[in-house]
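Asker: Attaching a predicted model along with its sequence, questions to come.
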Amino acid sequence: MATADSPSRDSLAPNMTDPADPADRLDPVVLHHVVNTLGWPDLRPFQRAAINPLMDGEDAVLLAPTAGGKTEAACFPILSAMAGQGWTGASVLYLCPLKALLNNLVTRVDSYAQWLGRRAGLWHGDTRESQRQRIRTDPPDVLLTTPESLEAMLIGVKTDHAQLLGSVRAVIIDEVHAFAGDDRGWHLLAVLERLQRVTGRPLQRIGLSATVGNPQQLLTWLQGSGAGERPGRVVAPPLADAPGAASGRTRPAGDVELDYVGSLDNAAKLIAALHKGEKRLVFCDSRRQVEQLGAALRARDVTVFLSHASLAAEERARSEQAFAEARDCVIVSTSTLELGIDVGDLDRVIQIDAPGTVASFLQRLGRTGRRPGSTRNCLYLATRKDSLLQAAALLLLWGQGWVEPVTAPPQPRHLVAQQLLAAVLQEHKVGDQLWSEQWNGLAPFDRSAAPVLRYLVSKGFLDEDGGMLFVGPEAERRFGRRHFIELTASFTAPPQFTVLSGRKEIGQTDPAVLTEERAGPRRLLLAGRSWQVTFIDWGRKRVFVEPVNSGGVAKWTSGSLGGLSYTLTRAMREVLLGADPPVSLTRRAAVCLTEWRQDDAPGVVHPGGTLVTRTGPDVRWWTWAGYRANATLTATLSSVADPVQRPTDCYVRLREDLTPDTWRAARDRTDGGAALVLPDVDHRAVHGLKFSAALPQRLAVATVAARLADFEGARAALAERVRFHVSPSG
């Protein structure tokens with residue numbers, strides 16, 4: 001029933017009563033609740049535009065900024081199709097990259113489903129077995145899960161996957177860009193192809209995303225084996241409604257300020273003093289920085305909560321819930337809160353230093369400005385000169401409306417090995433000539449994977465008998481613990497020790513904190529507090545602690561290859577050459593950038609090309625091409641590159657006996673960039689590839705090398721004019 005605050009169906013005229021209006025295709029019950037339960041006077045144009053393609057069964061990528069209504073744009077048409085076409089069983093999967101995001105969404109999605117007498121259910125790594133058993137016996141209409149849990153359903157002995165998943169018709173993938181840019185995307189595509197064989201029908205694929213520079217390519221990627229065969233569409237708000245959301249070429253509105261504070265402690269002083277009484281979300285780009293800033297704010301009597309991947313799930317949930325309900329407080333987070341997890345009505349976003357991509361910044365900026373009358377805002381606090389330069393460059397790109405394209409990492413041979421093992425586990429046995437059919441011809445899981453298959457058989461990961469493939473003893477030994485639970489995750493987590501205070505789990509810490517030489521008692525910094533170690537259970541990887549006032553140390557090992565992109569590093573060069581981002585610069589930031597340009601820039605950048613500089617024996621080629629391009633150049637120019645020193649984002653180290661003639665000869669041998677070679681890779685780096693043990697060493701190394709290379713950026717750097725510059729001290 002309509003109320004004074006919830007307009008009736010008639011109040012939506014003329015839009016929703018237009019005979020050609022797509023909204024009239026939605027189930028009348030959905031329309032009723034949109035008005036009378038949600039209190040919406042209308043659907044957004046973007047949500048209306050999604051109705052026809054989704055109800056017609058088309059694949060789609062729905063692009064909109066954070067809080068742009070993507071969940072509703074997908075759910076309302078799909079639930080209407082479910083009701084109108086009589087779908088039964090678990091007919092819709094809703095996949096998310098984070099368990100916390102699923103926890104946040106399930107109540108909302110279930111409330112929409114219940115409008116039509118349907119249900120939503122939740123299944124991920126933290127779901128109790130009793131709840132999983134209820135789902136097996138009485139599946140919900142919408143099942144919210146992760147790709148890893150979906151894989152576990154397919155290969156698990158407790159789940160009849162054909163019965164549970166055989167009715168799936170549509171799959172909604174939230175934050176699809178977060179999958180597409182790393183190995184989880186390859187895993188997702190492969191699992192969806194196997195699921196499609198279980199259902200015996202094509203699956204409608206709907207990706208929800210914000211902030212991508214190549215939406216059409218993202219749609220093609222999402223369609224998998226159906227690309228070019230199934231209809232698909234990118235749906236995005238008009239640029240007038242959401243600048244930059246569709247094309248990534250128009251800068252979104254926002255109140256952004258860049259400041260230089262010089263240290264993390266100074267950042268804590270400023271945050272504690274600014275915007276008292278407001279709810280502030282502070283992003284850091286390492287767990288260590290989160291812990292250090294959290295402790296510094298707590299020491300200044302700021303109500304502070306923390307969120308990062310090494311905190312216990314209950315600890316994170318408590319922080320996020322308390323933050324959502326509080327007002328005068330700060331939550332300090334890594335990218336865990338960058339995605340669409342609801343932490344209430346924010347007043348401010350503060351960024352410590354700079355994220356690595358414009359897309360991340362847009363996600364973070366979009367956490368604010370949701371309250372009527374408020375604007376999106378972000379305050380950058382640079383703690384170092386180099387991070388100030390990176391932040392200015394990122395904001396320069398943002399001002400140009402540029403957003404990174406999302407591209408899948410190349411040559412995922414280790415995921416091919418994982419999928420071969422998982423498919424055999426799922427089917428119990430697979431024909432040795434028919435195995436590629438499991439992925440419906442999707443590369444690289446097609447016949448091109450034969451060398452990986454032969455290696456798996458030769459090393460006992462797979463057994464071959466009578467024309468059939470079976471799981472072999474080596475797979476049992478390597479991955480068989482807890483019924484192959486290791487096979488369900490495509491990413492490698494560094495080993496960590498669980499930290500316990502009494503029976504309460506605080507989180508996890510890097511073992512290096514427990515083994516490195518240090519004077520005095522061993523203390524950890526975790527959950528923003530210091531803890532003294534009382535006992536270490538090395539066998540079970542557990543650390544027992546008790547609280548202390550100060551002195552804790554935070555440290556975690558990064559498994560990333562690291563490095564900034566060509567485009568971002570080039571923008572840093574443009575800033576040094578005088579380009580200013582279209583944001584407010586504090587006096588401190590402006591002074592620091594001026595000092596950069598006057599004192600340092602002449603020796604590292606030139607508007608007419610790149611520089612080779614010599615300071616004594618130190619010779620550097622300032623390419624400003626990004627780490628991956630510089631690694632490619634180092635390997636290609638091996639005759640003149642320093643064989644010991646690693647490249648950086650900004651320069652390549654060259655031999656101290658370099659001359660202009662030897663430089664030109666080395667560059668000429670590249671044939672204008674046509675003769676580039678893959679970067680050199682330390683064989684130890686393959687341990688960062690999950691399932692590298694199931695690959696020949698040469699293929700594992702080749703995979704890491706391909707992911708480290710940037711041929712396009714290297715060619716661009718080689719094509720520029722080079723100037724030789726000797727510093728006065730040289």
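Answerer: On my side now, so go ahead.

Asker: going forward, measure contacts between C-alpha atoms and count neighbours the same way
Answerer: OK.

Asker: can you tell me the average pLDDT over stretch 322-332?
Answerer: Per-residue pLDDT over stretch 322-332 has a mean of 85.

Asker: And for it, what's in contact with it?
Answerer: Contact with stretch 322-332 is made by 276-284, 290, 293-294, 302-307, 319, 342-345, as judged by C-alpha atoms under 8 Å, 6 or more residues apart in numbering.

Asker: In that stretch, which residues are buried?
Answerer: 322, 323, 324, 326, 327, 329, 330, 331, 332 (16 or more other C-alpha atoms under 10 Å).

Asker: wait, residue 666 sits on residue 633?
Answerer: No - contact status for residue 666 versus residue 633: not in contact, 10.8 Å apart, counting by C-alpha atoms under 8 Å.

Asker: Compare the two (neighbour count), which wins?
Answerer: Per other C-alpha atoms under 10 Å, whichever of residue 666 and residue 633 has more neighbours is residue 633, with 31 against 17.

Asker: Show the model's pLDDT score for that one.
Answerer: For residue 633, the model assigns a pLDDT of 96.

Asker: re earlier: separate out the buried members of the contacts of stretch 322-332.
Answerer: Buried members of the contacts of stretch 322-332, counted by 16+ other C-alpha under 10 Å: 278-284, 290, 293-294, 302-307, 319, 342-345.

Asker: Which ones among these lie within strands?
Answerer: 279, 280, 281, 282, 283, 304, 305, 306, 307 (DSSP state E).

Asker: Just send these back as CSV, with distance to residue 652 and pLDDT too.
Answerer: What follows is those, written out as CSV (distance: C-alpha to C-alpha, whole Å; pLDDT from 0 to 100):
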residue, distance to residue 652, pLDDT
279, 44, 89
280, 40, 92
281, 37, 93
282, 34, 96
283, 31, 95
304, 42, 93
305, 41, 92
306, 38, 93
307, 37, 89
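
Asker: Go ahead and list the helix or strand containing the residue positioned nearest the centre of the chain.
Answerer: Against the mean C-alpha coordinate of the chain, by C-alpha atoms, centre = their mean, the closest residue is residue 178 at 3.8 Å. Using DSSP states H and E, residue 178 sits within helix 176-180.

Asker: State the phi and psi torsions of residue 395.
Answerer: phi -70, psi -30 (degrees, to the nearest 10).

Asker: if I pick it, what's in contact with it?
Answerer: Residue 395 touches 358, 581, 582, 583, counting by C-alpha under 8 Å, 6+ apart.

Asker: By neighbours, which of those residues wins?
Answerer: Ranked by neighbours (other C-alpha under 10 Å), the contacts of residue 395 are led by residue 358, which has 24 neighbours.

Asker: I'd say it and residue 394 touch.
Answerer: Yes - checked against C-alpha under 8 Å, the pair residue 358 and residue 394 is within contact range at 6.1 Å.

Asker: three-state assignment of the nearest residue to residue 155 once chain neighbours are set aside?
Answerer: In this structure, residue 155 finds its nearest non-sequential neighbour in residue 426, 4.4 Å apart by C-alpha to C-alpha, 6 or more residues apart in numbering. Three-state call for residue 426 (DSSP: H, G, I helix; E, B strand; the rest coil): helix.

Asker: can you count the residues close to the closest residue to residue 508 other than its chain neighbours?
Answerer: In this structure, residue 508 finds its nearest non-sequential neighbour in residue 498, 4.5 Å apart by C-alpha to C-alpha, 6+ apart. Using other C-alpha under 10 Å, residue 498 has 22 other residues around it.

Asker: can you check residue 477 too?
Answerer: The burial count assigned to residue 477 is 11, neighbours taken as other C-alpha under 10 Å.

Asker: Now do the helix or strand harbouring it: which elements does it pack against?
Answerer: Using DSSP H and E, residue 477 falls within helix 473-479. Counting contacts by 3 or more C-alpha pairs under 8 Å, 6 or more residues apart in numbering; DSSP states H and E, helix 473-479 packs against strand 462-465.

Asker: partners of the strand it packs on in the sheet?
Answerer: In the sheet, strand 462-465 lines up against strand 468-471 (antiparallel) (DSSP bridges).

Asker: how about the nearest residue to residue 168 once chain neighbours are set aside, what does it touch?
Answerer: Once flanking residues are discounted, residue 168 sits nearest to residue 91: 3.9 Å by C-alpha to C-alpha, 6+ apart. Contacts for residue 91 were tallied using C-alpha under 8 Å, 6+ apart; they are 82, 141, 142, 165, 167, 168, 169, 170.

Asker: Quickly note the distance from the residue nearest to residue 413 when sequence neighbours are not counted to residue 321.
Answerer: The shortest distance from residue 413 to any non-neighbouring residue, by C-alpha to C-alpha, 6+ apart, is to residue 703 (6.9 Å). Going from residue 703 to residue 321 by C-alpha to C-alpha, to the nearest Å gives 41 Å.

Asker: Who has more neighbours out of these two?
Answerer: residue 703 (21 against 14).

Asker: Where in this protein is the helix or strand with the lowest mean pLDDT?
Answerer: Lowest by mean pLDDT, DSSP states H and E among the helices and strands of the chain is helix 313-325, with a mean of 80.

Asker: Mind naming the longest strand for this structure?
Answerer: Ranked by number of residues, the top strand in the chain under DSSP E is strand 529-537.

Asker: Give me the buried positions along it.
Answerer: Neighbour-count burial for strand 529-537, counted by 16+ other C-alpha under 10 Å, picks out 529, 530, 531, 532, 533, 536.

Asker: Return the set of buried residues in the following helix or strand past it.
Answerer: Once the chain leaves strand 529-537, the next helix or strand it forms, by DSSP H and E, is strand 542-548. Neighbour counts over strand 542-548 (16+ other C-alpha under 10 Å) mark 542, 543, 544, 545 as buried.

Asker: same thing with stretch 474-486?
Answerer: Residues 474, 475, 479, 484, 485, 486 are the ones in stretch 474-486 that count as buried (16+ other C-alpha under 10 Å).

Asker: any idea which of the residues you listed is closest to residue 77?
Answerer: residue 485 (35.1 Å; C-alpha to C-alpha).

Asker: That closest one reaches residue 152, doesn't it?
Answerer: Yes - with contact defined as C-alpha under 8 Å, residue 485 and residue 152 form a contacting pair (7.2 Å).

Asker: Please name the residues that touch residue 457.
Answerer: Contacts of residue 457 by C-alpha under 8 Å, 6+ apart are 463, 464.

Asker: Any figure for the gap between it and residue 700?
Answerer: For residue 457, the distance to residue 700 - C-alpha to C-alpha - is 17 Å.

Asker: same check, this time on residue 571
Answerer: 33 Å.

Asker: Same check on residue 603?
Answerer: Taken as C-alpha to C-alpha, the span from residue 603 to residue 700 is 39 Å.

Asker: Which one's more surrounded, those two?
Answerer: More crowded of residue 603 and residue 700, by other C-alpha under 10 Å: residue 700, with 23 against 17.

Asker: list the helices and strands the strand or helix carrying residue 350 packs on?
Answerer: Using DSSP H and E, residue 350 sits in strand 348-352. Counting by 3+ C-alpha pairs under 8 Å, 6+ apart, the packing neighbours recorded for strand 348-352 are strand 279-283, strand 377-382.

Asker: Distance to residue 648 added to these, as JSON lines?
Answerer: Converted to JSON lines, these look like this (distance: least, C-alpha to C-alpha, whole Å):
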{"stretch": "strand 279-283", "distance to residue 648": "25"}
{"stretch": "strand 377-382", "distance to residue 648": "20"}
